[in-house]
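Asks: Got a predicted model here, sequence first, then my questions.
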Amino acid sequence: MNIFFAILFSIFFFLISYPYAKNLQLSGYNIRFQFAHYFDLPQQFGGKNRLIFTKRMLRTLITYFLLLLLLNFLIFLLIEEFWIIAICMVVELIIAQALFLLCAIILLPIENLIKKCYVNKAKKILKNFRGIKIAITGSFGKTSTKNFLYQILKERYCVCPTPKNYNTPMGLCKTAIEFLKNDDEILIVEMGARKRGDIAVLMQMLKPNYGIMTAVGEQHLETFKSIDEIKKTKYELCEHMCNGGFIVFDCSNESTCELAQKYTGEKKNCLRKNDFSYIEDLSATSSGCTFKLHLGPKTVEIKTSIIGELLLNDFVLASTMAYLLGVDEQTIAKVAKELKPFPHRLQIIETPVSTIIDDSYNSNLNGAEQALKALSLFKGQKIVITPGFIEQGERQYELNYKFGKMIAKVCDELIIMNKTNQTALFMGAKAGGMSEAKIHFAKNRLSQIDILHRILQKGSVVLFENDLPDNFK
């Protein structure tokens, strides 16, 4: 009977571990983050994110279940008094999350060994790849620039880009091992960073000869602490660039321009008048943009359904790289006509009742400001749905307060998602002149839908700005 109860309680504690497993996975297996936010993490079974049973997660779950079995067998076999067993079960319930994280810690040496083997295999593939390697980094616009560049280059070359928003060493490994083909001529790699050295690791793996530096700004301040630290990290792309190519810089951005001036290698400055490439005579409407694109000595008329200044900047950077790699300006103009906004990045979705602007993958103030400018191009009732921005360290309240003020200047109704930035957004919107009656609070997706249905009018335009995963309240 004791063995039966030991197994029964082990199964119970294992089943209730689902939120712990999901939170760990959503944090990128960042155990330090999990302990730092131990009491802040939501313990929910529903939500929009689902636990993905990767090999690493399965190893963690199996280790956790074995630990529970061992612990409960010891409790039920060694302790006879019922009240002591009851106390042990209560304590086990309280420390269940810590036990799960302990299993993740126990497995770290094994995971690091697996990761090392995976990296070595990817390095060998990348070393043998004889095509052009392009690295893209920056604080904003990396994925959009990569996707635009892929769309243009594939008109002439066989191109392999990193999928989705893969921008870590493991993402690069997965790309090299699973997606890179023998006949590919160009590999485009997006590079993200949360701390110093992250870009350097990716550059040493890839060893590229071409690069693009998008806009650099306040992103992930919780780990970087300062804009200077961010700039030093992004400059690692320049420090580790191989000879024989060049870097394209977004010089409309002050920080990126500063890094371009520092870089002494071959480069192409973009987006300021008289730079190698820039935009002129821009005309923007809710259905798209027209403008003249200057590419070195060439000028071409561009018509595209893309909206938003930052997205257009990303398009210019991608066009510059493609042009310098042999794609002519007329091909670039043809591709521009066919381009559609990428999912969750100022993506326009028409419904029978309203227009939705899905910018839910944007997580910074600069991009949000451009999204609000895009929203202002539309007619009708304007609604913003947002949880604000996270990982901004000491400046998180300030930046979300500013965002709230910006929203008040443009939109008619505001729905604030989650609790994380609720106060900052609310106070900012009020300071911007928005009535409290027009500010709504949604604790989850269901309450957000209910509020939206209540306030929505025919012809409304709804902007979804950023979206937090389930490991944030």
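Replies: Structure's in. What do you need?

Asks: CA atoms for contacts and neighbours, from now on please.
Replies: Will do.

Asks: Tell me, what's the model's pLDDT at Asn471?
Replies: For Asn471, the pLDDT comes out at 47.

Asks: can you check Gln43 too?
Replies: On the pLDDT scale, Gln43 gets 65.

Asks: tell me, what residue is most central in the chain?
Replies: What sits nearest the mean C-alpha location of the chain, by C-alpha atoms, centre = their mean, is Tyr361, with 6.1 Å.

Asks: close enough to count as contact, that residue and Leu463?
Replies: No: proximity of Tyr361 to Leu463 does not meet the contact threshold set by C-alpha atoms under 8 Å, at 12.0 Å.

Asks: Between those two, which contacts overlap?
Replies: Counting by C-alpha atoms under 8 Å, 6 or more residues apart in numbering, no residue touches both Tyr361 and Leu463.

Asks: what residues are up against Ala176?
Replies: 122, 125-126 are the contacts of Ala176 under C-alpha under 8 Å, 6+ apart.

Asks: Tabulate those in CSV, adding columns for secondary structure, distance to Ala368 and pLDDT.
Replies: Listed next are those as CSV, based on DSSP: H, G, I helix; E, B strand; the rest coil; distance: C-alpha to C-alpha, whole Å; pLDDT from 0 to 100:
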residue, secondary structure, distance to Ala368, pLDDT
Ala122, helix, 36, 95
Ile125, helix, 39, 95
Leu126, helix, 36, 95
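
Asks: possible to save the residues you listed as JSON lines with distance to Leu425?
Replies: Converted to JSON lines, the contacts of Ala176 look like this (distance: C-alpha to C-alpha, whole Å):
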{"residue": "Ala122", "distance to Leu425": "44"}
{"residue": "Ile125", "distance to Leu425": "47"}
{"residue": "Leu126", "distance to Leu425": "45"}
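
Asks: mind listing what's buried in stretch 313-328?
Replies: 313-323, 327-328 (16 or more other C-alpha atoms under 10 Å).

Asks: Distance check, Gly265 against Gly244.
Replies: To Gly244, Gly265 is 10 Å away according to C-alpha to C-alpha, to the nearest Å.

Asks: And these two? Which one has more around it.
Replies: The neighbour comparison of Gly265 against Gly244 (other C-alpha atoms under 10 Å) goes to Gly265, with 16 against 10.

Asks: any idea what the more buried one is structurally, helix, strand or coil?
Replies: Taken by DSSP: H, G, I helix; E, B strand; the rest coil, the conformation at Gly265 corresponds to coil.

Asks: Read off the pLDDT value for the nearest residue to it once chain neighbours are set aside.
Replies: Once flanking residues are discounted, Gly265 sits nearest to Phe246: 7.1 Å by C-alpha to C-alpha, 6 or more residues apart in numbering. For Phe246, the model assigns a pLDDT of 95.

Asks: what's around Phe246, how many residues?
Replies: 21.

Asks: Which among the contacts of Ala176 count as buried?
Replies: Buried among these by 16+ other C-alpha under 10 Å: 122, 125-126.

Asks: What lies in contact with stretch 127-144?
Replies: Residues from elsewhere that reach stretch 127-144 (C-alpha under 8 Å, 6+ apart): 145-146, 164-165, 182, 184-192, 203, 206-219, 234, 237, 310-311, 314-315, 342, 345, 364, 367.

Asks: where are the low-confidence patches of the stretch 101-250 of the chain?
Replies: For the stretch 101-250 of the chain, applying pLDDT under 70 flags the ranges 219-223.

Asks: could you show me where the helices are in it, in order?
Replies: Taking DSSP state H, counting those that start in this stretch, the helices of the stretch 101-250 of the chain run over residues 108-128, 142-153, 169-174, 198-206, 221-224, 227-234, 236-239.

Asks: and of those helices, who's closest to Ser277?
Replies: Nearest to Ser277, of all the helices of the stretch 101-250 of the chain, is helix 142-153, at 14.9 Å by C-alpha to C-alpha.

Asks: Now do that closest one: distance to the chain's middle.
Replies: Helix 142-153 sits 16 Å away from the centroid of its parent chain (C-alpha atoms, centre = their mean, to the nearest Å).

Asks: Using PDB, write out every CA atom in it.
Replies: Taking only C-alpha atoms (Å, rounded to 0.1, in the frame of the first residue of the first chain), the coordinates of helix 142-153 have been written out as PDB:
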ATOM      1  CA  LYS A 142      16.700  41.900 -37.800                       C
ATOM      2  CA  THR A 143      14.000  39.400 -38.800                       C
ATOM      3  CA  SER A 144      12.300  41.800 -41.300                       C
ATOM      4  CA  THR A 145      15.600  42.700 -42.900                       C
ATOM      5  CA  LYS A 146      16.500  39.000 -43.200                       C
ATOM      6  CA  ASN A 147      13.100  38.200 -44.700                       C
ATOM      7  CA  PHE A 148      13.200  41.100 -47.200                       C
ATOM      8  CA  LEU A 149      16.800  40.100 -48.200                       C
ATOM      9  CA  TYR A 150      15.700  36.500 -48.800                       C
ATOM     10  CA  GLN A 151      12.800  37.500 -51.000                       C
ATOM     11  CA  ILE A 152      15.000  39.700 -53.200                       C
ATOM     12  CA  LEU A 153      18.100  37.400 -53.400                       C
END
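
Asks: just the strands in the stretch 351-473 of the chain please.
Replies: With DSSP state E, counting those that start in this stretch, the ranges of strands along the stretch 351-473 of the chain come out as 354-359, 382-386, 413-417, 439-442, 460-465.

Asks: Which elements pack onto the first one?
Replies: Applying 3 or more C-alpha pairs under 8 Å, 6 or more residues apart in numbering; DSSP states H and E, one finds that strand 354-359 makes contact with strand 347-350, strand 460-465.

Asks: how about the CA coordinates for the first one, as PDB?
Replies: Read it as strand 347-350. The C-alpha coordinates for strand 347-350 follow below in PDB (Å, rounded to 0.1, in the frame of the first residue of the first chain):
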ATOM      1  CA  GLN A 347       0.800  42.800 -40.800                       C
ATOM      2  CA  ILE A 348      -2.500  44.100 -42.100                       C
ATOM      3  CA  ILE A 349      -5.500  41.700 -41.700                       C
ATOM      4  CA  GLU A 350      -8.900  42.700 -43.100                       C
END
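
Asks: Give me the residues contacting it.
Replies: So strand 347-350 is contacted by 340-341, 355-359 (C-alpha under 8 Å, 6+ apart).

Asks: So of those, which two are at opposite extremes in space?
Replies: Greatest spatial distance in those: Lys340 and Thr355, 15.7 Å, computed using C-alpha to C-alpha.

Asks: For these two, indicate the residue with more neighbours.
Replies: Thr355 (19 against 16).

Asks: Would you confirm that that one contacts Phe464?
Replies: No: under the criterion of C-alpha under 8 Å, Thr355 is not in contact with Phe464, lying 11.0 Å apart.

Asks: Redo the contacts of strand 347-350 as JSON lines? Include distance to Arg56 and pLDDT.
Replies: As requested, these are exported to JSON lines (distance: C-alpha to C-alpha, whole Å; pLDDT from 0 to 100):
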{"residue": "Lys340", "distance to Arg56": "36", "pLDDT": "77"}
{"residue": "Pro341", "distance to Arg56": "34", "pLDDT": "71"}
{"residue": "Thr355", "distance to Arg56": "40", "pLDDT": "89"}
{"residue": "Ile356", "distance to Arg56": "37", "pLDDT": "90"}
{"residue": "Ile357", "distance to Arg56": "36", "pLDDT": "89"}
{"residue": "Asp358", "distance to Arg56": "32", "pLDDT": "87"}
{"residue": "Asp359", "distance to Arg56": "31", "pLDDT": "85"}
